Each structure stands twice: as C-alpha cells, then as structure tokens.
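Colleague: generate coordinates for the sequence data below:
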Amino acid sequence: MSLVEGGEVKKITDYEKLIKYFGVSKIEPILDRFKEPHRLLKRNIVFAHRDFDKILDEVDKGNIFAVLSGRGPSDRMHLGHLTLYEFNLYLQKKMGANVYIPFSDDEKYVFKKVESLEKAKYLALDNALDIIALGYDPRKTECFISTELPWVYKTAIKLSRHLTYSTVKAVFGFKGENNPGEIFYSCIQMAHILYPILVYNLPTVVPVAIDQDPYIRISRDVAEKIRVFKPAGIYLKYLRGLTGEPMSSSQPETCIFATDSPEEARKKIWNAFTGGQPTVKEQREKGGNPDICVVYEMLNIYFIEDDKEMEKLRSDCINGNILCGECKLKLTDYVIKFLEKHKREREKYKYKLKEFFIHEIDEDLLAKLP
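Modeller: Just a heads-up that it's a prediction; the model follows:
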C-alpha cells in the first residue's frame, strides 16, 4: 500500500517503516561526525538522512555547503515550524552553511490552502520575519517568494523536460481530480531545491519532515540527468501537538504560535495532554508516563538543552516526585520567555527584512505585519 496519495505522504510514525519505504539511512552512524551535535540530533528528532555524509565530507575539506529549506505560507508559524529553522540556524552557525529559504506562495495557492496569492505573499513576509528573528546572518541567508522571482519559472520550465507525467503521478500518487497547477508544482519545487546548486554550485542539503522526501527524490533524479550535485536530505520526526494529536495551524489548540500572547500560551499549556495519573495521590504512588506526555516532549524537544536535566525530569516523573502541574508551570515559563524575546526580535528585524530577500518586497504588506 502506497504511503503517498494526492501529493501528500500519510503521516505515520513508524519510523523504521518510513526509513525502509523511502530508502533513507539512520542518522546514528554519522552522529560522531558532528563536533557539537544539536539536541535534535542527540535526542533522535533528526532521525534519518540521505547522503548527508557527503555534505560532512565537504565540511571536513573546509568547503561551504548550502541548506535549502522552503516554507509554504498558509498560516502563522508555530513552535513546531520554528524548530526546523532553529536546526537550520545551527547548521549556519556551527557548520558555516549558507541558508536559502524559498516561500512557496504558488504551492499554497494551487493546492487551495489560501484563497489568493496576495494572502500567501503577506503570510510569506510574516513567516519570513518569524524565521529571520531567530538570528540568521544576512550575509549567509537568502529568501525569495516563488512567484516574485522569474528565475523560478524559467528554471522549472527547463527542468520539466527531464520529467514525465507518469513519474510525477507515480511518485506523488496524483489522481484524475488534481488540477494542472498541482502537477506542475513538482517542477517548481525542483527549481527551489536545486537553486543553490544551479546558481552557486554549492552542495546542498534539504532538511524536511519525511513527507517532503518525494520532492527530494525527483530532484535527485533530474540532478543526475543534468549532471549536477544531487541534493542531500535530512529528516525530522513529526511533532505532536498540545492535545496529543498532530500539530496543525488549523487547530490552534494543538500549537503555540510564535505570535501568541502569554495568556493564550498559558491557557493552551494548562489544557495539554499529559502522562499523569488522575489524582495527586495516585501520581505520587504510581508515577507518570513521560513517553506519552506532550509537556515532557515539548521540554525535551524545544527548550531544555542539558541532557542530565532531562534525565532527572524523566526519573522524577516515573517515580512520582513531580506533578503534572509543576511540569506545566516549567513549560509555561520557558514558552513565555521565548515569546517575549521573539516579539522583541520581530520588532527589531521588521524593517531589516528586505536585507534578506533577493528581490523587492511589498512595503505596504510589510507595514501591515504585527
């Protein structure tokens, strides 16, 4: 049974199955090649790769590489989205990568995730501000909105000659009801992925959730045909939302948005799904289950760097030495500090945003950003 249907990968969490299905490699065998591994690497949130060892070979030689990490602007960004860009920032700061960020307004329009390209363009700037506010270096970062850069269309047309409809249909599981824009978007996405390779001749890695791998695979096939570097991939696990369900911008209760107020964040966290017992007495006697607790998971993935601190928190939970309310207070404190800092950084970077784009951006839309 195919895991891909209608252009989207079914979000299963059997990662052994996904590794086998997509033919990628586990990250563990190359972990010792990272001098200062990010917590997402150490905690197996970054769980697989495709040819990232070849990127590390370039790093060992003292060569520059590129990170290509697109964003589909259909809503505000939440902490789950920003985690990917925090990892990309690590690759920039610790390994010297140049980072390229295409904003796929065209994708969100043709797949009917937004009502207009103008709306997608506004969200692209809003999302870009959230990403850049993390601390990216304008000298090593380039952003563009897909429909605003003529190079994208011209290159997609050139690359389209190296694909067949049957290949696109087979890879993405398209059926008869898909509109032509959805079909052609595979060529647009190839242009995005191959941008640092074709324009700057840089070996490139694309960090994504595994559901985006089909785009990497067809880009690799075409790269081989046109005799350029095949893009590598590095894959992150799906992140659960506050309710225990998948994190989704269309379900605000599942996620903390980067622009949420402290009050909104506090309320969401207090309603989060945990692995605790029904009563304080039972929690003290039986302990909780951190393996199913979203609060523990968020502290582990987003905030607590110290491995020993996480081990102690896990032990305290299992042994009943800490209550769910205490963990929620801890998470709330981390989240509010992040949101307050992020708001300050957004304000600081708002009128510096144009430094990161390789084309003119709409000043009127920029002025409307919160």
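
Colleague: quick one, what contacts the closest residue to residue 193 other than its chain neighbours?
Modeller: Closest residue to residue 193 apart from its sequence neighbours, by C-beta to C-beta, 6 or more residues apart in numbering: residue 219 at 4.3 Å. From N, CA and C alone the C-beta is placed, and that goes for glycine too. Residue 219 makes contacts with 189-190, 193-194, 230-231, as judged by C-beta atoms under 8 Å, 6 or more residues apart in numbering.

Colleague: just the buried residues from those, in PyMOL please.
Modeller: In PyMOL, this line selects whichever of these come out buried by 16 or more other C-beta atoms under 10 Å:
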select buried, resi 189+190+193+194+230+231
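
Colleague: determine which two of the contacts of residue 219 are furthest apart.
Modeller: 189 and 230 (15.3 Å; C-beta to C-beta).

Colleague: pull up the gap between residue 299 and residue 328, please.
Modeller: When distance is defined by C-beta to C-beta, to the nearest Å, residue 299 is 10 Å away from residue 328.

Colleague: thinking again about what came up before, as TSV, the contacts of residue 219 with distance to residue 206, secondary structure and pLDDT would be great.
Modeller: Putting those into TSV (distance: C-beta to C-beta, whole Å; DSSP: H, G, I helix; E, B strand; the rest coil; pLDDT from 0 to 100) gives the following:
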residue	distance to residue 206	secondary structure	pLDDT
189	10	helix	96
190	11	helix	97
193	6	helix	98
194	10	helix	98
230	11	coil	98
231	5	coil	98
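
Colleague: can I see the domain layout of the protein?
Modeller: Using automatic domain parsing, the domain parsing of the chain gives 4-239, 252-348.

Colleague: returning to what we had before: and the residue nearest to residue 193, how far is that from residue 17?
Modeller: Taking C-beta to C-beta, one finds residue 219 at 23 Å from residue 17.

Colleague: for residue 102, which three-state class applies?
Modeller: Following DSSP: H, G, I helix; E, B strand; the rest coil, residue 102 is assigned to strand.

Colleague: ok, it touching residue 70?
Modeller: Yes: counting by C-beta atoms under 8 Å, residue 102 touches residue 70, with 4.5 Å between them.

Colleague: what about the strands in the stretch 201-350 of the chain?
Modeller: When assigned using DSSP state E, counting those that start in this stretch, the strands of the stretch 201-350 of the chain occupy the ranges 204-209, 232-236.

Colleague: mind giving me the packing neighbours of the first one?
Modeller: In this case it means strand 204-209. In terms of contacts (3 or more C-beta pairs under 8 Å, 6 or more residues apart in numbering; DSSP states H and E), strand 204-209 is packed against strand 66-68, helix 79-95, helix 180-200, strand 232-236.

Colleague: with the last one instead?
Modeller: Strand 232-236 is packed against strand 46-50, helix 52-60, helix 79-95, strand 204-209, helix 213-225, with contacts defined by 3+ C-beta pairs under 8 Å, 6+ apart.

Colleague: and residue 139, how many neighbours?
Modeller: Neighbours of residue 139 under the rule other C-beta atoms under 10 Å: 7.

Colleague: helix, strand, or coil at it?
Modeller: helix.

Colleague: how much space separates it from residue 98?
Modeller: 9 Å.

Colleague: beta-bridge partners for residue 357, please?
Modeller: residue 143 (DSSP bridges).

Colleague: distance of it relative to residue 292?
Modeller: 42 Å.

Colleague: out of the two, which sits in the busier spot?
Modeller: Neighbour count, other C-beta under 10 Å: between residue 357 and residue 292, residue 357 has more, with 22 against 14.

Colleague: I figured the more buried one hits residue 144, correct?
Modeller: Yes: using C-beta under 8 Å, residue 357 is in contact with residue 144, at 6.3 Å.

Colleague: low pLDDT regions in the stretch 1-150 of the chain?
Modeller: 1-13 (pLDDT under 70).

Colleague: do that again at 50, thanks
Modeller: Along the stretch 1-150 of the chain, the model assigns pLDDT under 50 to residues 1-2, 7.

Colleague: let's have the strands of the stretch 201-350 of the chain in a markdown table, adding mean neighbour count and distance to residue 247.
Modeller: Shown next, in a markdown table, are these (neighbours: other C-beta atoms under 10 Å; distance: least, C-beta to C-beta, whole Å):
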| stretch | mean neighbour count | distance to residue 247 |
| --- | --- | --- |
| strand 204-209 | 23 | 11 |
| strand 232-236 | 24 | 12 |
